[in-house]
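Trainee: Sequence and predicted structure below; questions after.
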Amino acid sequence: MSDFLLILNYVSPIFLIVALGYFLKRIGLINDSFAKTSSKLVFTVALPALLFMQIINADLSAKVNYELVAFAYIGTFITFGLSWASASFFCSDPNEKAVFTQGAFRGNYAIIGLALLDSIFGKVALGKGSIVLAFTIPLYNALSVICLTMPLREKNNYTVTKTVKEIFTNPLIVGILLAVPFSVFKIKLPVIILNTGTYLSSMTLPLALIGIGGILNLHDLKNVKVSAVYSSILKIIIFPLAGTYAGYLYGFRGPELGVVFILFGAPTAVASFIMAEAMGSDGKLAASILLITTLFSVITMTLGLYILKANNLF
């Protein structure tokens, strides 16, 4: 019981801040415009700054666990493929199929994942988790852009050139690419730049979590599509179970196994909703998947982390 309470103490604050965002919206202190603007601010400024600061302070040649990164890559490709194949059974509209796929494979590891790693394992694990994130974000965004642009390419509205541009102009990828030379060549930045980056990084997680709460609308649960339910089951139950078990069999233990579980078990990324809306896909379906996975991941992530802790796996 003590292990369960310990995990609950780690997980609860993350989702309580999300609940705070929902409450603030309900009482009118924030509105839809604030929630969407704050999410965009996190996506375009604060989170790239957090990634930039984490990477420039890391020795990439010494700290990269390439086995963990390779495992994350292989797992992401597998979950993407399974999501796309599963979407064919539940979705007839190409736009709906694209959103189903993105909702099932793309987790909110950047926000909720890093917050959990910091809370449970501390700054060392946060650094490791950020390095894994730096490698997986380009893959997440590339696969998301590819699946979301497939319906547009079928309508001749999107070309390969536009797809590549969408990938490499993504703010998260830009932040990572800018940081790599500073880390590799040990380039020192002025203190004023470092302090500014630190302030921007510090606001990332709380602002993002409040923004998630502001986006959620519990009334949407009344009209949820079957496809949203199945996409959510894949995201927060099937994929974390399979991914963590595979990681256990491979030999990951401690914070590394925690990273694997959180990577595959985190609820659907807010960026999936933002990208679906921006690229003309089924925004309502994206919002439903985001809502379901965020609400029920409180249970699935707490239980999953408790099981790992109770079995001394981290």
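Mentor: That came through, no problem. Numbering: from 1, shown residues only.

Trainee: what's the neighbour count on residue 138?
Mentor: Neighbour count of residue 138, defined by other CB atoms under 10 Å: 16. For glycine as for every other residue, the C-beta is placed from the backbone atoms N, C-alpha and C.

Trainee: Can you tell me how far it is from residue 48?
Mentor: 13 Å (CB to CB, to the nearest Å).

Trainee: do the same with residue 65
Mentor: Separation of residue 65 from residue 48 (CB to CB): 23 Å.

Trainee: Pick out whichever of the two has more residues nearby.
Mentor: residue 48 (24 against 16).

Trainee: Where does that one fall, secondary structure wise?
Mentor: Here residue 48 sits within helix 47-56, counting by DSSP states H and E.

Trainee: Buried residues in that helix, which are they?
Mentor: 47-56 (16 or more other CB atoms under 10 Å).

Trainee: So which elements touch the helix or strand harbouring residue 8?
Mentor: Residue 8 belongs to helix 2-26 when elements are defined using DSSP H and E. Counting contacts by 3 or more CB pairs under 8 Å, 6 or more residues apart in numbering; DSSP states H and E, helix 2-26 packs against helix 32-41, helix 114-121, helix 204-215, helix 283-310.

Trainee: low-confidence ranges in the stretch 51-200 of the chain?
Mentor: Counting by pLDDT under 70, the ranges of the stretch 51-200 of the chain that qualify are 58-63, 123-127, 152-160, 163.

Trainee: now the helices and strands packed on helix 2-26 as a markdown table including mean neighbour count?
Mentor: Output for the helices and strands packed on helix 2-26, formatted as a markdown table (neighbours: other CB atoms under 10 Å):
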| stretch | mean neighbour count |
| --- | --- |
| helix 32-41 | 17 |
| helix 114-121 | 23 |
| helix 204-215 | 24 |
| helix 283-310 | 21 |
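
Trainee: so the helix holding residue 48 versus helix 32-41, what angle?
Mentor: Per axes from the mean of the first three to the mean of the last three CA atoms, to 10 degrees, the angle that helix 47-56 makes with helix 32-41 is 30 degrees.

Trainee: Now do helix 47-56: distance to the chain's middle.
Mentor: Distance, stretch centre to chain centre, for helix 47-56: 15 Å (CA atoms, centre = their mean, to the nearest Å).

Trainee: Could I get the contacting residues of the closest residue to residue 294 other than its chain neighbours?
Mentor: Spatial nearest neighbour of residue 294, excluding adjacent residues (CB to CB, 6 or more residues apart in numbering): residue 267 at 4.5 Å. For residue 267, the contact set (CB atoms under 8 Å, 6 or more residues apart in numbering) comprises 107-108, 112, 235-236, 290, 293-294, 297.

Trainee: Need these in TSV (columns: distance to residue 72).
Mentor: Shown next, in TSV, are these (distance: CB to CB, whole Å):
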residue	distance to residue 72
107	11
108	15
112	16
235	16
236	18
290	22
293	19
294	22
297	19
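
Trainee: what's near enough to touch the nearest residue to residue 54 once chain neighbours are set aside?
Mentor: Leaving out its chain neighbours, the residue that sits closest to residue 54 by CB to CB, 6+ apart is residue 130, at 3.7 Å. By CB under 8 Å, 6+ apart, the residues touching residue 130 are 50-51, 54-55, 58, 114.

Trainee: which one of those residues sits closest to residue 285?
Mentor: Ranked by distance to residue 285 (CB to CB), the contacts of residue 130 are led by residue 114 at 26.3 Å.

Trainee: Can you tell me how far residue 38 is from residue 151?
Mentor: From residue 38 to residue 151 the distance is 28 Å (CB to CB).
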